[in-house]
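*Asks:* When you get a sec, could you give me coordinates for this:
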Amino acid sequence: MKIETKKLEVKNLEKKKYRSDRVRDHLANERTYLAWMRSGIALMGFGVLIVRLRIFSPPLAPQPPGNGWKLGLAFAVVGVLTVILSTQHYFAVRQDIDEDTYQPPDRWILLASLAVVILGMGVLYYVFTVPLDYLNTFILE
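*Replies:* Prediction:
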């Protein structure tokens, strides 16, 4: 009798573990994680673009140090933080799905939105504070 009860519990665990809705939840969690990873990589790449290409200054003219590197560094740091926090969030959601206790957190949405707004304001500030004489000295070949 005890053996049959254990077999029944094992069967129920196996069914619960591989239910299609649970698999779908895990796959959605993984897609979300991969989207956050792409976003983090894009932020880091945009930071490198700001620092290295100096789009608004002609390449042959003498260039003052400026503050563009700070903005690029901010983008890179936010990108790295996005990768780290999204990895942590993925494993937390994975555990919550397994325990059937998942509640969507609002803090991640607010944190990501705030970071993008701050970086966007930094880009706008950077773009609109470029001296106009730099824009007139482009050398086109």
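
*Asks:* quick one: contacts for residue 21?
*Replies:* Counting by CB atoms under 8 Å, 6 or more residues apart in numbering, residue 21 makes contact with nothing. In this view, the C-beta of every residue, glycine as well, is placed from N, C-alpha and C.

*Asks:* Would you mind identifying the next helix or strand past the helix or strand harbouring it?
*Replies:* In the assignment (DSSP states H and E), residue 21 maps to helix 20-53. Downstream of helix 20-53, the first helix or strand assigned by DSSP H and E is helix 68-99.

*Asks:* by contact count, what packs against that following helix?
*Replies:* Applying 3 or more CB pairs under 8 Å, 6 or more residues apart in numbering; DSSP states H and E, one finds that helix 68-99 makes contact with helix 20-53, helix 107-128.

*Asks:* ok and it relative to helix 107-128, angle-wise?
*Replies:* Put simply, helix 68-99 runs at 170 degrees to helix 107-128, going by axes from the mean of the first three to the mean of the last three CA atoms, to 10 degrees.

*Asks:* what mean pLDDT does helix 68-99 have?
*Replies:* Helix 68-99 comes out with an average pLDDT of 90.

*Asks:* just for the protein, where's the confidence low?
*Replies:* Along the chain, segments meeting pLDDT under 70 span 1-18, 53-67, 130-141.

*Asks:* Contact partners for residue 45?
*Replies:* Counted by CB under 8 Å, 6+ apart, residue 45 has contacts residue 79.

*Asks:* actually residue 26, not the one I wrote
*Replies:* With contact set as CB under 8 Å, 6+ apart, residue 26 has these partners: 94, 97.

*Asks:* do the same with residue 47
*Replies:* Taking CB under 8 Å, 6+ apart, one finds 71, 72, 73, 74, 75, 76, 77, 79 in contact with residue 47.

*Asks:* In this structure the fifth one contacts residue 41, no?
*Replies:* No - proximity of residue 75 to residue 41 does not meet the contact threshold set by CB atoms under 8 Å, at 11.4 Å.
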